[in-house]
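Visitor: Could you look at this predicted model? Sequence included:
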Amino acid sequence: MAERLKELFFTRDSINTFAYTIKKAYSDFDKKRFIDLVFDTTFESKEIKERMTHTTRCLHETLSKSYADALTILKKAAPFVKGFEALTLPDYVAEYGRENWDLSLPVLGYFTQYATAELAVRPFLAKDPKKVMAFMMIWAKSNKPKIRRFASEGCRPRLPWAMALPKFKKDPSLIIKVLEILKDDDSEDVRRSVANNLNDISKDHPDIVLDICKRWHGHSKNRGKIVKHACRTLLKAGHKDALAIFGYSDPASMRVDDLRIDKEQVNMGDYLRFSFDLHLKKKSKVRLEYIVFFVKAKGRMSKKVFKITENVYDPGIISISRKHSFKDMSTRKHYAGTHHISIIVNGVEKAKVSFLLKKNF
């Protein structure tokens with residue numbers, strides 16, 4: 001993913017376009033010097049986030065030295081900056097505005113309409129959570145959905161690609177006040193952010209999230225979607241209280257028989273097909289998943305849960321078959337060794353089989 005982004009953003013063409021946009025907002029901007037500073041001898045070796053930070057610092061070298069004046073220029077340019085380069089604007093605030101909160105916090109709310117400020121607000125949250133969350137409460141009531149989404153997404157305890165917020169991992173109470181405002185938001189993007197935030201919180205405080213989900217479940221279709229998405233980690237972990245919210249049947253009377261794989265040795269890049277029979281004694285609501293236990297680089301095992309289906313089945317035998325790809329992806333690299341697949345029924349492992357993953361020479 002990062003490699004593909006590097007081919008699209010922070011390239012010579014995109015940086016030149018970005019510089020042209022800044023120049024239109026600030027006639028004294030030294031476009032040539034800025035581009036020369038960006039494309040130094042280290043640029044090609046930088047990853048996408050490093051390129052963003054580097055571009056921010058080069059921008060600082062070529063804008064007005066007055067922070068207030070620099071913000072005026074960037075605010076003027078913001079509606080016209082496109083692509084990942086636009087993240088440089090809120091990043092400028094994160095880099096150079098930490099001593100001027102009266103200017104920095106309001107402008108993050110402005111920039112997030114054009115390029116999300118969810119990464120840039122994190123240093124401020126880490127330093128003074130109560131002060132920033134007072135702004136989040138205001139942003140949560142904005143008439144602009146991108147600003148409302150920022151109110152939730154920016155304070156997620158485990159936001160991907162972002163610095164951690166250990167204070168919020170320990171005590172999410174300030175976050176929950178914002179989520180209560182946004183739980184019935186008109187925007188699906190905002191509601192999905194609420195669900196993602198709750199899912200983050202569930203990893204440290206499952207009981208808090210379960211209490212919220214029990215209150216929200218059944219209130220409306222939209223809240224139901226939030227609750228389901230918020231509980232996804234708990235459901236994958238087979239948490240009994242999470243399963244109970246959605247009415248999944250007791251798996252004690254359910255049985256998996258005849259778990260089969262189409263081959264005992266799989267080449268990297270190939271598929272493994274597996275099948276099994278699910279035996280039900282009575283009508284049941286069933287959540288079916290499988291876990292792949294992957295061999296990692298140093299020989300340790302790492303498991304990942306994959307959903308098969310969820311449905312209400314009549315009593316009897318249900319035959320299930322699936323296939324799993326062992327092709328390398330940007331998010332997963334495969335290593336040779338003995339792997340395992342287990343079948344999970346309503347959070348409980350019912351069958352397991354092993355196979356050998358081989359290098360494809």
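Guide: Okay, I see it.
Visitor: residues contacting the closest residue to residue 282 other than its chain neighbours?
Guide: Computed as C-beta to C-beta, 6 or more residues apart in numbering, the closest residue to residue 282 that is not its neighbour in sequence is residue 315, at 5.3 Å. The way it works is simple: take the backbone N, C-alpha and C, and place the C-beta from them, glycine included. Going by C-beta atoms under 8 Å, 6 or more residues apart in numbering, residue 315 touches 280-283.
Visitor: Drop anything exposed from those.
Guide: residue 280 (16 or more other C-beta atoms under 10 Å).
Visitor: Let me know the closest of the contacts of residue 315 to residue 178.
Guide: Nearest to residue 178 out of the contacts of residue 315 is residue 283 (C-beta to C-beta; 40.9 Å).
Visitor: List every C-alpha atom in stretch 249-266, with coordinates, as PDB.
Guide: Extracted in PDB, the C-alpha atoms of stretch 249-266 (Å, rounded to 0.1, in the frame of the first residue of the first chain):
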ATOM      1  CA  SER A 249     -27.200 -19.600  19.800                       C
ATOM      2  CA  ASP A 250     -25.300 -21.600  22.400                       C
ATOM      3  CA  PRO A 251     -22.700 -23.600  20.400                       C
ATOM      4  CA  ALA A 252     -22.600 -26.400  22.900                       C
ATOM      5  CA  SER A 253     -25.000 -28.500  20.900                       C
ATOM      6  CA  MET A 254     -23.400 -27.700  17.500                       C
ATOM      7  CA  ARG A 255     -20.800 -30.000  15.900                       C
ATOM      8  CA  VAL A 256     -18.400 -29.800  13.000                       C
ATOM      9  CA  ASP A 257     -17.500 -33.000  11.300                       C
ATOM     10  CA  ASP A 258     -15.300 -34.100   8.400                       C
ATOM     11  CA  LEU A 259     -13.100 -31.000   8.100                       C
ATOM     12  CA  ARG A 260     -11.200 -31.700   4.800                       C
ATOM     13  CA  ILE A 261      -8.500 -29.900   2.900                       C
ATOM     14  CA  ASP A 262      -7.800 -30.400  -0.800                       C
ATOM     15  CA  LYS A 263      -4.100 -30.900  -0.300                       C
ATOM     16  CA  GLU A 264      -1.600 -31.300   2.600                       C
ATOM     17  CA  GLN A 265       1.100 -29.100   1.000                       C
ATOM     18  CA  VAL A 266       0.400 -25.700  -0.500                       C
END
